[in-house]
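1. pasting the sequence and the predicted model now:
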Amino acid sequence: MELVFLLDTGASTSLIFKNEQTDKLTNITHKTDVLVKFPAFRTTSTATRISELSFTTGDNFSFILHDILFLEDPALLGQASKSFDGIIGREFFRKFVIEVDPLSKQLTLHDTNVNLARDYPLAHRLTSPEKSPHIILASKFPWEKFPTRKRLLLDTGYPGGMVIWSKKHFRNVTTKTERDKLGDDNSGVFIRLDIQFNRLLFRQIPIFFSNSSSPTQSKTDGLLGAGLLIQYKHVYDFNRKKLLLKPLIAENGKPPAMSLAGIYTPNNENFITKDYRPDVPAQPRIIINADSTFAYQ
């Protein structure tokens, strides 16, 4: 049976969603019911732990996942449950060195003893990949006097670029009138800012500033999502605690076009959008503009 799964570094366990397709699965044994927390959605749901499940992909390549749950009510996960039959979480990322090429839309699985660091000029250290992979990003928002360290959860399940959970930053980007309009909970602001992530400077990227603290854990300042990662050929090497990066260049010699039309709230929050015109960071290698133009410096 052919199923479509979302690869999600932010998911602590793998899930199969109950739908017409997955109801046809006959080779699974349901074990115990468990209560599953979804902190990003601020909700819980009952799921059933099932027996190990074998997957086959590509040229008859097979692997087995042992830590997997069957979710009876996937609607609580919103759009994800409509687009996918399930989520493959961090157990998969620990089994392999995973290489992703967004241009060719190809995912390559390597044995964990393979080290690809020589093929990639850039690397970020991952903290606690066995629990929840984080990246420490030093950056300076326009209202900050100095660069500050921000601990961001590497979350490939989030289709946007960046989320910041901080009441302090939220107050810096809103007026009292705006805060009164949005209310105290479950709201935020999208502001287009210039963010440099390694050698790419992303111009006027919509970043979501939430008025809530992290729903997952207090030491998390936000999310780094798939919207930024797809601009790189990249490798997840959880065993060596590395995210390897190589900025993509298309056949025409330009960085691939980046759509900034869509904005994504992590938890279906109420939000407003604002315009903010910060100073451009100095001397980036490659610049990607909001209109998809580019320049080298």
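-> That came through fine.

2. hey, where'd the helices end up in the stretch 1-150 of the chain?
-> 79-83, 90-95 (DSSP state H, counting those that start in this stretch).

3. isn't Phe63 up against Phe55?
-> Yes: applying C-beta atoms under 8 Å, one finds Phe63 in contact with Phe55, separated by 5.6 Å. Bear in mind the C-beta positions are built from the backbone N, C-alpha and C, glycine included.

4. wait, isn't Lys31 in contact with His66?
-> No: with contact defined as C-beta under 8 Å, Lys31 does not reach His66; the gap is 11.6 Å.

5. these two: which is more packed in?
-> Lys31 (12 against 9; other C-beta atoms under 10 Å).

6. number of residues surrounding Leu201?
-> By other C-beta under 10 Å, the residues close to Leu201 number 22.

7. is it located within a strand, as I assumed?
-> Yes: counting by DSSP: H, G, I helix; E, B strand; the rest coil, Leu201 is found in a strand.

8. for it, give me the pLDDT.
-> pLDDT, Leu201: 71.

9. mind putting the helices of the stretch 1-150 of the chain into CSV with mean pLDDT, mean neighbour count and distance to Gly225?
-> Listed next are the helices of the stretch 1-150 of the chain as CSV, based on pLDDT from 0 to 100; neighbours: other C-beta atoms under 10 Å; distance: least, C-beta to C-beta, whole Å:
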stretch, mean pLDDT, mean neighbour count, distance to Gly225
helix 79-83, 72, 14, 13
helix 90-95, 90, 19, 16
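
10. tell me the SS of Lys246?
-> strand.

11. for it, which non-adjacent residue is closest in space?
-> Lys233 (4.6 Å; C-beta to C-beta, 6 or more residues apart in numbering).

12. now for the host helix or strand of that neighbour, which elements pack on it?
-> Using DSSP states H and E, Lys233 sits in strand 232-237. Using 3 or more C-beta pairs under 8 Å, 6 or more residues apart in numbering; DSSP states H and E, the elements in contact with strand 232-237 are strand 97-101, strand 242-247.

13. pick the most deeply packed of these.
-> Among the helices and strands packed on strand 232-237, strand 242-247 has the highest mean neighbour count (mean count of other C-beta atoms under 10 Å), at a mean of 21.

14. off-centre distance for that one?
-> 15 Å (C-alpha atoms, centre = their mean, to the nearest Å).
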